[in-house]
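Novice: this one's sequence-less:
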């Protein structure tokens, strides 16, 4: 993980995504025991720092899946 100044909530969510694969917002709230608003803020910070990706959830189109963006998978020109 690169040296980015993340709040503790963002680090907790990133840890869950690193070990848990793709998760929904609801699953992240449940697993982290954080408030839904805190999880939304954490996800925004991680997305702004290009550390996670959003994926379409084919099981439930109303929900978005969040997944850790493996730095080794990023292609550099």
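Specialist: On my side now, so go ahead. These numbers come from a predicted model, not from an experiment.
Novice: going by C-alpha atoms from here, please, whenever you check contacts or count neighbours.
Specialist: Fine.
Novice: so residue 39: helix, strand or coil?
Specialist: helix (DSSP: H, G, I helix; E, B strand; the rest coil).
Novice: leaving out the residues flanking it, which one is nearest to it?
Specialist: Once flanking residues are discounted, residue 39 sits nearest to residue 29: 6.4 Å by C-alpha to C-alpha, 6 or more residues apart in numbering.
Novice: now that neighbour: which helix or strand?
Specialist: Using DSSP states H and E, residue 29 maps to helix 25-32.
Novice: what packs against that helix?
Specialist: helix 8-20, helix 36-48, strand 64-68 (3 or more C-alpha pairs under 8 Å, 6 or more residues apart in numbering; DSSP states H and E).
Novice: out of these, flag the one nearest residue 55.
Specialist: The closest approach between residue 55 and any of the helices and strands packed on helix 25-32, judged by C-alpha to C-alpha, belongs to strand 64-68 at 5.0 Å.
Novice: need the contact partners of the closest one.
Specialist: With C-alpha atoms under 8 Å, 6 or more residues apart in numbering as the test, strand 64-68 has contacts from 14, 17-18, 21-25, 51-57.
Novice: sorry, back to before: in JSON lines: the helices and strands packed on helix 25-32, plus mean pLDDT and mean neighbour count.
Specialist: Shown next, in JSON lines, are the helices and strands packed on helix 25-32 (pLDDT from 0 to 100; neighbours: other C-alpha atoms under 10 Å):
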{"stretch": "helix 8-20", "mean pLDDT": "93", "mean neighbour count": "16"}
{"stretch": "helix 36-48", "mean pLDDT": "96", "mean neighbour count": "17"}
{"stretch": "strand 64-68", "mean pLDDT": "94", "mean neighbour count": "21"}
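Novice: perfect, I'm done here.
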